[in-house]
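*Asks:* Have a look; sequence and predicted model below, questions after that.
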Amino acid sequence: MNPVNILIVDDKEENIIALEALLKRNDIKLFTTTSPNDALKIAWENHISIALVDVQMPEMDGFELVEMLKSNPRTKDIMVIFVTAISKEAKYAVKGFGAGAVDYLYKPLDPYITSAKVDAFIQLARTQEEIKHKNDELQNYAMVVRNSADIICSVNADNLRIKSINPAVETILGYTAQEALGKSIVDLAIEGDQTAFRKKLGEIIKDNVAMSVAEFQFNTFNKSVIWTECRISYRARTIFMNISDISPQKSYQQQLIKSKEAAEYGKKVKEAFLANMSHELRTPVNGIIGLTNLLYKTPINDQQKNLLSMLETSSKSLLGVINDVLDLSKIEAGKFSIVPTPNNVRSIINSVHGLLKYQADEKNLEFLLEIDNDVPETLLLDSLRLNQILMNLLSNAIKFTDRGYVKLVVSVLQKTEDSKVKLKFSVEDTGIGIPQARLSRIFESFEQAEDDTANKYGGTGLGLTIVKRLVELKGGDLTVSSKVGEGSIFNFTNWFTISQQVTEPKVIKKSSKLAPFVSTRVLVAEDNMINQFMVTKMLKDWNIEFEVADNGYKAIEKLKEQDFDLILMDTHMPALNGYQTARIIRMDFEEPKRSIPIISLSASAFEHEQVEAISSGMNDVLPKPFEAQELHNKISKLLKGRVMPKMPV
């Protein structure tokens, strides 16, 4: 608590000493002087609350001093107590009070009366100071309210009518403050929000809520509509509201929502387009590869065999490009998943090395492989994606190297006690190298080291893009260093978890003759004539009877008229697609036809379509293109006991 400043003015020093002795305490600060002129200076320079002034002084009497204090705005609020030894007659008292005094003390001073009076005025001074402080605060708040950009108002809680409101109401709603006074605050809201607004205010009053925030739409004077944020508090049967115009934020928010919806719609359109393109592109390629395999089984001469080999190579190359484009699209759409399982990492690396060694041999390149002894045997990883990364990096290195070597080095960078290991895969070559200016761009889609690279070496420029995305999906890092004419080094590092189990890859053993089936009838629902021919040729070779339907409606009609043991269902068919057809069979048919096994034959590379096939009621999925052995295995699995013992090879 700040001390109260008291000024003592008396021409006699002994009187000052006596008053100091009476008044001395911790909550007051005394200023003393024997000169009225000095008293004026002290009062001007210090915030004096109470002045004890002697009436009779030689230079200037007390009445004159007080008149001068009261005439100055800075000192006019000082409470003056006259200290006098002159007569107590009324005329002197009237003169003193007329000069501005609030009380008198008469000499000789009674210590008890003096202390009591001064104490009372000290309390009064503190009260006045507090009131002054509150008034200053109120004036500041009033200034803030008047100049606020938001509407600030008080509302009667009994009838919800506006009691006071600041000028911002004219800027925001177009009403003058005078026009808004007495209006129901609820009537300012649009008709559709009035019920909710009234309910909200009722809840605030009922629950005596100190602070609440809500958004409502208000009508302006010119009948336009704005969005507002209302910050509402309640006290003593009065609602206090701060109303902000948030129309710009709402507009931006709505634009964001529309943009998000447009992006999601565009994403769905893109996914649908890619799914359709997946089917439309892979279906004919599947037909070409299948027909090539069928031609291999017919009597052909060496020249025809070479032509078929080139046809098969070209078809698989085209399929690789299609798969690259679809893989990149799936990664961008967030539909690409990494599925780690226990795998023998050395086996995967050796397999990739073995597959690509013939390409290196054809170009008389050394194809080196170094695997550190401390590389664990079994790790949790997605073998398909690791295979894809290494195949892309190594095949690129071989493609762009005409002499020297290509080397794959696998080393351990770090091991932890919780069975984690950080591996580094380095692919080094002595090839053409990459210019420094192009290094940052080679991982971008359709980009290559030089503008004429595609003409000289072929390729789409998607391989490294897919590798980069796959590495990032696996949580790893991919870096490259290169010198033109000397070669390149690609480093792929990642953390893996060491596993004690291993999932051995399933190897499909090809045989020259697949075992036939006994008394088996299959319905083939397929709209593509080439695929019809391929599938039915396979079924004939296995002694399976079949019927063909080129859309879903025809397939349902044939199933109604005849009995079948299994359905091979293409998912993309005109009129009624495979998913819809499967659902009709599962829901509308009676047993046993309702439970007939269905295998989805889809050219789509998208996982969500395979999931949809299963959810529509199909038993299994076989993506195109497929080998005859794969279809045979699927049918055998669903029609147990129908397969004859395998014929000798």
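*Replies:* On my side now, so go ahead. Residues are numbered from 1 along each chain as shown.

*Asks:* Tell me the confidence at the closest residue to Thr176 other than its chain neighbours?
*Replies:* Residue nearest to Thr176 in three dimensions, not counting chain neighbours: Glu170, with 5.3 Å by C-beta to C-beta, 6 or more residues apart in numbering. The C-beta positions use only the backbone N, C-alpha and C, and glycine is treated the same way. Reading off the confidence values, Glu170 has pLDDT 91.

*Asks:* Helix or strand for Glu170, just tell me which one.
*Replies:* helix 168-172 (DSSP states H and E).

*Asks:* Can you name every helix or strand that that helix contacts?
*Replies:* On a contact count with 3 or more C-beta pairs under 8 Å, 6 or more residues apart in numbering; DSSP states H and E, helix 168-172 meets strand 151-156, helix 177-180.

*Asks:* list the helices and strands the last one packs on?
*Replies:* With contacts defined as 3+ C-beta pairs under 8 Å, 6+ apart, the secondary structure elements packing on helix 177-180 are strand 162-165, helix 168-172.

*Asks:* mind checking how far the helix or strand just after it is from the chain centre?
*Replies:* Downstream of helix 177-180, the next assigned helix or strand under DSSP H and E is helix 191-207. In terms of C-alpha atoms, centre = their mean, to the nearest Å, the centre of helix 191-207 is found 34 Å from the chain centre.

*Asks:* Report the inter-axis angle for helix 191-207 versus strand 151-156.
*Replies:* Angle of helix 191-207 versus strand 151-156, following axes from the mean of the first three to the mean of the last three C-alpha atoms, to 10 degrees, is 60 degrees.

*Asks:* The spatially closest residue to Ile172 that is not a sequence neighbour pairs with what?
*Replies:* Spatial nearest neighbour of Ile172, excluding adjacent residues (C-beta to C-beta, 6+ apart): Asp245 at 5.1 Å. Here Asp245 sits in beta bridges with Thr228, going by DSSP bridges.

*Asks:* So Asp245 sits against Cys230, correct?
*Replies:* No - counting by C-beta atoms under 8 Å, Asp245 stays clear of Cys230, with 11.1 Å between them.

*Asks:* Have a look at this protein and report its longest helix.
*Replies:* In the chain, taking DSSP state H as the definition, the longest helix is helix 247-296.

*Asks:* and that one, what other elements does it pack with?
*Replies:* Using 3+ C-beta pairs under 8 Å, 6+ apart, the elements in contact with helix 247-296 are strand 225-235, helix 302-332, helix 529-541.

*Asks:* In this protein, which residue is most central in space?
*Replies:* In the chain, the residue lying closest to the centroid (C-alpha atoms, centre = their mean) is Lys260, at 12.4 Å.

*Asks:* Contact partners for it?
*Replies:* Listed by C-beta atoms under 8 Å, 6 or more residues apart in numbering, the contact set of Lys260 is empty.

*Asks:* Just the pLDDT for it.
*Replies:* On the pLDDT scale, Lys260 is placed at 87.

*Asks:* Excluding chain neighbours, what is closest to Val471?
*Replies:* Leaving aside its sequence neighbours, Val471 sits nearest to Leu478 (C-beta to C-beta, 6+ apart; 4.4 Å).

*Asks:* That neighbour contacts Phe490, doesn't it?
*Replies:* Yes - between Leu478 and Phe490 a contact is recorded at 6.9 Å, counting by C-beta under 8 Å.

*Asks:* of those two, who's got more company?
*Replies:* More crowded of Leu478 and Phe490, by other C-beta atoms under 10 Å: Phe490, with 23 against 20.

*Asks:* Quick one: classify that one as helix, strand or coil.
*Replies:* Classification of Phe490 using DSSP: H, G, I helix; E, B strand; the rest coil returns strand.

*Asks:* you'd agree it is up against Leu390?
*Replies:* No - the pair Phe490 / Leu390 is not scored as a contact, 10.3 Å apart, by C-beta under 8 Å.

*Asks:* Give me the common contacts of these two.
*Replies:* Residues touching both Phe490 and Leu390 (C-beta under 8 Å, 6+ apart): Val427.

*Asks:* picking that back up, looking at the helices and strands packed on helix 168-172, which is buried most?
*Replies:* Compared across these, strand 151-156 shows the largest average neighbour count, a mean of 21 (mean count of other C-beta atoms under 10 Å).

*Asks:* in its sheet, what does that one sit against?
*Replies:* Sheet pairing of strand 151-156 (DSSP bridges) gives strand 162-165 (antiparallel), strand 238-245 (antiparallel).

*Asks:* which residues does Gln562 contact?
*Replies:* By C-beta under 8 Å, 6+ apart, the residues touching Gln562 are Arg521, Leu523, Glu547.

*Asks:* all strands for the stretch 451-600 of the chain, in order.
*Replies:* All strands of the stretch 451-600 of the chain, identified by DSSP state E, counting those that start in this stretch, fall at 477-483, 487-498, 521-525, 545-549, 566-570, 598-602.

*Asks:* Just want the angle from the second one to strand 477-483.
*Replies:* Here strand 487-498 runs at an angle of 160 degrees relative to strand 477-483 (the same axes, to 10 degrees).

*Asks:* tally of neighbours for the residue nearest to Ile172?
*Replies:* Neighbours of Asp245 using other C-beta under 10 Å come to 20.

*Asks:* what about Val522, how many residues close to it?
*Replies:* Other residues lying near Val522 total 23 when counted by other C-beta under 10 Å.

*Asks:* any idea how the protein splits into domains?
*Replies:* Annotated domains of the chain cover 4-143, 148-245, 341-498, 521-638 [automatic domain parsing].

*Asks:* how long is the longest one end to end?
*Replies:* Spelled out, that is domain 341-498. Counting by C-alpha to C-alpha, to the nearest Å, you get 11 Å between the two ends of domain 341-498.

*Asks:* what's the average pLDDT for that domain?
*Replies:* Mean predicted confidence for domain 341-498 is 82.

*Asks:* same thing with stretch 637-649?
*Replies:* Across stretch 637-649, the average pLDDT comes to 69.

*Asks:* Same check on stretch 15-33?
*Replies:* Rounded mean pLDDT across stretch 15-33 is 87.

*Asks:* Please report the distance of the residue nearest to the centre of the chain from Ser247.
*Replies:* 20 Å (C-beta to C-beta, to the nearest Å).

*Asks:* thought Arg237 was touching Leu160?
*Replies:* No - using C-beta under 8 Å as the test, Arg237 is too far from Leu160 to be in contact (11.5 Å).

*Asks:* Could you find the closest non-adjacent residue to Gln352?
*Replies:* Residue 352: Val, not Gln. Nearest residue to Val352, sequence neighbours excluded (C-beta to C-beta, 6+ apart): Leu390, at 4.6 Å.

*Asks:* Which secondary structure element is home to the one you found?
*Replies:* Using DSSP H and E, Leu390 sits in helix 383-399.

*Asks:* centre of the chain versus that helix, how much separation?
*Replies:* The answer for helix 383-399 is 33 Å, by C-alpha atoms, centre = their mean.

*Asks:* what residues does that helix touch?
*Replies:* By C-beta under 8 Å, 6+ apart, helix 383-399 touches 338, 341, 343, 345, 348-349, 351-353, 355-356, 359-360, 363, 365, 367, 406, 408, 425, 427-429, 431, 457-459, 463-464, 466-467, 470-471, 473-474, 488, 490, 492, 503, 505.

*Asks:* Many thanks, I have nothing further to ask.
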